[in-house]
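# quick check, what structure comes out for this input:
(chains A and B)
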Amino acid sequence: NAGVMQNPRHLVRRRGQEARLRCSPMKGHSHVYWYRQLPEEGLKFMVYLQKENIIDESGMPKERFSAEFPKEGPSILRIQQVVRGDSAAYFCASSPTTTSYQETQYFGPGTRLLVL
Amino acid sequence: GQNIDQPTEMTATEGAIVQINCTYQTSGFNGLFWYQQHAGEAPTFLSYNVLDGLEEKGRFSSFLSRSKGYSYLLLKELQMKDSASYLCAVRAPGGGRRALTFGSGTRLQVQP
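Numbers count the residues shown, from 1 in each chain, chains lettered A, B, ... in the order given. Coordinates of the predicted model:
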């Protein structure tokens, strides 16, 4: 059973360009979460999605950032007009579609975005 | 608001026992998680506590006291490969609020 997949693993963009980060959850998981980790800092929640729905985007910057999780295909985190401060590791996590109280989130390997 | 505190760094000796503490002040509580993260890699799940007490899993144990807003991760028989960051995370209750709030992590260095 493959784990959470993210691509690309490394992404270099110049200021003003767009960055697209992809996440495929574990098989059987329909809950997806995006987190950002700045250098030497902890993980910060950005957005929580289920298929075709954004459930909680309270951690997402109001401008330039958007996320989707279509019916078919991976979840996409999109950053428009990137700035140097967007340089970070972006982690995706998924959790299973169960009524389990624990609902552990399993993390992908991350995408390391560098904005020049 | 949410506030989670952990020591920034700890050092321990191979074969020893180390305890990593975590205190939290959150608006609601629906479980506490510990993750291990090696440099440049994904966080990996270690343990989950939602009720008071100790959960043991091999060399790793995690303790929770909800009344004190306190947890610790206990690592026994330390190995060099245990050198990593250990992340404490709390989940708030509520239908949509499944997001985890993470502390800044404790960087553990295991020495020979």
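# show me what contacts the residue nearest the centre of chain A?
Centroid check for chain A by C-alpha atoms, centre = their mean gives A:W34 as the closest residue, at 3.3 Å. By C-beta atoms under 8 Å, 6 or more residues apart in numbering or on different chains, the contact list for A:W34 reads A:23, A:45-47, A:67, A:75, A:77, A:90-93. For every residue, glycine as well, the C-beta is placed using N, CA and C.
# just the buried ones from these?
Neighbour counting by 16 or more other C-beta atoms under 10 Å in any protein chain shown classes A:23, A:45-47, A:67, A:75, A:77, A:90-93 among the contacts of A:W34 as buried.
# now render these as TSV, adding secondary structure.
Formatted as TSV, these follow (DSSP: H, G, I helix; E, B strand; the rest coil):
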residue	secondary structure
A:C23	strand
A:F45	strand
A:M46	strand
A:V47	strand
A:A67	strand
A:S75	strand
A:L77	strand
A:Y90	strand
A:F91	strand
A:C92	strand
A:A93	strand
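# about what we covered before: and the residue nearest to the centre of chain A, what are its bridge partners?
A:V47, A:C92 (DSSP bridges).
# per-residue pLDDT, residue 42?
This is for chain A. According to the prediction, A:G42 has pLDDT 86.
# the chain in question should be chain B.
90.
# check which helix or strand covers it.
Taking DSSP states H and E as the definition, B:A42 sits outside all helices and strands.
# repeat that for A:V32.
strand A:29-37.
# mean confidence for that strand?
So the average pLDDT for strand A:29-37 ends up being 93.
# try stretch B:9-18
97.
# touching chain A at all, that stretch?
No: figure legend: stretch B:9-18 not in contact with chain A (C-beta under 8 Å from any C-beta of the partner chain); closest approach 11.4 Å.
# next, the buried residues of that stretch.
B:10, B:12, B:18.
# can you give me how far it is from the chain middle?
Relative to its parent chain, stretch B:9-18 has a centroid offset of 15 Å by C-alpha atoms, centre = their mean, to the nearest Å.
# please identify the buried residues of stretch B:76-90?
Neighbour-count burial for stretch B:76-90, counted by 16+ other C-beta under 10 Å, picks out B:78, B:82-90.
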